[in-house]
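J.: quick one, what's the 3D model for this:
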Amino acid sequence: MAKSKQAQTSGADQMQALLEKHPITLPDVGDIVEGVVISAANNEIHIDLGGIATGVVRGPELVDESGLYTNLQPGEQVTATVLDIENELGEIELSFREAGHQKAWEELARLFREQEIVDAHILDANKGGLIARTGNVSGFLPVSQLAVEHYPRVEGANKAKILQRLQTYVGQAFKVRIIDVDEKENKLIFSEKAARENEQSAKLSEYKVGNNVTGVVTGVVDFGAFVEFGEGLEGLVHISELAWQRIDNPKDVINVGDTITAQIIAIEGGKISLSMRRLQQDPWKDVAVRYKIGDMVKGKVLKLNPFGAFVELDNDIHGLAHISELSWKKIHSPEEVLKSGEEREFKIVSIEPDHHRLGLSVKQLTPRPGSKEKEEAAEGKEDKEKTEKEAAPTATEPTPAEEPTAATEEKNAEETSTPTEEAAK
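T.: Alright, predicted model coming up:
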């Protein structure tokens with residue numbers, strides 16, 4: 001009996017010594033721990049935490065944004081976050097949610113740094129773009145970051161139609177690159193255009209600014225036309241680069257399916273800007289030969305704006321009749337004088353070939369109100385002054401009242417007589 005007690009004491013001492021040599025430290029709430037899966041069943045997973053304790057992950061805490069702990073099997077190594085150091089069964093409550101969240105965003109940050117291309121599965125759409133997911137984290141793919149074949153080219157930029165087009169992509173997977181990631185703000189932004197930069201750059205290396213290209217119009221929008229050329233390259237002809245004259249609607253001069261030739265005027269990243277008008281002769285170079293300041297010309301009113309009217313003089317030259325040149329009296333709107341579509345005469349008041357500007361006037365075709373009356377009044381005043389001047393007496397021609405009489409002549413003679421004469425008298 002004594003021997004047994006002595007053995008127990010010796011064993012306890014050995015355990016104490018072992019604990020002192022290798023102290024066991026239980027984790028605190030919030031710590032991240034590692035362990036090995038013991039079992040995975042009934043919506044909970046039991047984990048051996050290095051022989052120190054047993055942990056359990058259950059319910060919503062099984063959700064893992066990183067996607068690493070899906071379909072776990074016994075023997076697999078896992079990482080979890082401590083929620084409670086002891087539950088009702090004496091186990092440590094663990095969570096994959098927080099640890100998985102952290103791992104997921106660390107992986108997203110790595111993908112962003114290394115500019116890797118990933119699959120983004122389209123979940124939903126709104127007017128600004130697409131809701132997409134990579135792994136178990138959702139992010140945003142803006143319309144501006146879509147590749148050319150997915151960009152919603154809708155006439156009039158109708159938001160409802162744009163949304164309809166975007167919704168057709170739900171369920172698809174796009175190759176994208178992460179262009180912004182911020183775990184604190186829960187922000188994740190994708191770009192389909194960026195994912196194709198290398199491919200686009202390789203194709204673009206064959207072209208440079210100034211090259212002429214021939215392509216097919218793939219889309220016409222309010223601000224211009226998209227043209228596909230080469231091996232899957234696409235550029236934009238802005239509305240201002242379609243023709244030398246002013247254009248309000250690109251569809252007036254170009255349509256989908258047209259084959260056109262254009263000049264590359266800019267390459268910025270993967271964006272290609274094209275011009276059709278620069279392959280045409282500038283009609284403004286000889287405008288001074290065709291038109292002169294002071295000429296009376298016939299023009300068609302194309303468009304009325306608050307500041308005036310755009311007028312077509314011929315197919316190439318358009319002028320502006322400013323609101324201040326429409327009437328001698330003050331008006332509040334060009335509609336008070338002109339109508340869109342009407343043809344009438346204008347007077348050219350300015351020509352600026354370098355700036356492609358020509359000024360027109362309506363009011364200068366008519367006399368200024370009140371000018372005739374003022375001229376007549378001025379002429380009448382001059383005539384009156386002239387008549388009065390002619391009627392006025394002069395120093396050498398005395399008026400009848402001033403004609404000398406015998407008495408006055410005698411008086412004058414006395415006043416003008418000399419002293420010698422008086423003395424003689």
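J.: domain ranges for the chain?
T.: When the chain is parsed with automatic domain parsing, its domains come out as 25-114, 116-195, 199-279, 283-365.
J.: mean pLDDT for those: which is lowest?
T.: Note on those: domain 25-114 shows the lowest mean pLDDT, a mean of 85.
J.: between the two ends of it, how far is it?
T.: 38 Å (CA to CA, to the nearest Å).
J.: next: stretch 144-151.
T.: Start-to-end, stretch 144-151 (CA to CA) is 8 Å.
J.: mean neighbour count for the domains of the chain - can I get that in a markdown table?
T.: For the C-beta atoms, the positions are set from N, CA and C on the backbone; glycine is no exception. Below are those laid out as a markdown table (neighbours: other CB atoms under 10 Å):
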| stretch | mean neighbour count |
| --- | --- |
| domain 25-114 | 16 |
| domain 116-195 | 17 |
| domain 199-279 | 16 |
| domain 283-365 | 16 |
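J.: for residue 263, list each beta-bridge partner.
T.: residue 212, residue 275 (DSSP bridges).
J.: what does residue 93 give?
T.: Under the criterion used (DSSP bridges), residue 93 bridges to residue 56, residue 84.
J.: for the stretch 301-425 of the chain, which segments count as helices?
T.: 371-391, 406-416, 419-424 (DSSP state H, counting those that start in this stretch).
J.: surely residue 340 and residue 300 touch.
T.: No. Using CB atoms under 8 Å, residue 340 makes no contact with residue 300, being 9.4 Å away.
J.: find the residue at the geometric middle of the chain.
T.: residue 144 (10.6 Å; CA atoms, centre = their mean).
J.: doesn't residue 98 belong to a helix?
T.: Yes. Counting by DSSP: H, G, I helix; E, B strand; the rest coil, residue 98 is part of a helix.
J.: so how far is residue 29 from it?
T.: Going from residue 98 to residue 29 by CB to CB, to the nearest Å gives 11 Å.
J.: quick one: the helices in the stretch 1-150 of the chain?
T.: Under the criterion DSSP H, counting those that start in this stretch, the stretch 1-150 of the chain contains helices at 2-21, 96-113.
J.: the helices of the stretch 301-425 of the chain: lowest mean pLDDT?
T.: For those, where the average pLDDT is lowest is helix 419-424, sitting at a mean of 38.
J.: can I assume residue 31 is in contact with residue 83?
T.: No. Residue 31 is not in contact with residue 83 according to CB under 8 Å; the separation is 10.3 Å.
J.: residue contacts, the nearest residue to residue 161 once chain neighbours are set aside?
T.: Spatial nearest neighbour of residue 161, chain neighbours left out: residue 154 (4.4 Å); criterion: CB to CB, 6 or more residues apart in numbering. By CB atoms under 8 Å, 6 or more residues apart in numbering, the residues touching residue 154 are 161-162, 165, 221.
J.: show me the two of these that sit farthest apart.
T.: Across the contacts of residue 154, the longest distance by CB to CB is 12.5 Å; it joins 165 and 221.
J.: hang on, residue 248 in a helix?
T.: No. According to three-state DSSP, residue 248 belongs to no helix; its state is coil.
J.: what's the separation between it and residue 288?
T.: Taken as CB to CB, the span from residue 248 to residue 288 is 26 Å.
J.: what do you get for residue 317?
T.: 11 Å.
J.: cool, and residue 139?
T.: From residue 139 to residue 288 the distance is 58 Å (CB to CB).
J.: would you map the strands across the stretch 51-200 of the chain?
T.: 54-58, 77-84, 92-95, 117-126, 129-134, 137-142, 173-182, 187-191 (DSSP state E, counting those that start in this stretch).
J.: which residues are contacting the helix or strand hosting residue 266?
T.: For residue 266, the element it lies in under DSSP states H and E is strand 259-268. Applying CB under 8 Å, 6+ apart, the contact partners of strand 259-268 are 204, 207-217, 227, 235, 237, 241, 254, 272-276, 278-279.
J.: chain center to stretch 275-290: distance?
T.: Distance of stretch 275-290 from the chain centroid (CA atoms, centre = their mean, to the nearest Å) equals 29 Å.
J.: from one end of that stretch to the other, what's the distance?
T.: Termini of stretch 275-290 sit 26 Å apart (CA to CA).
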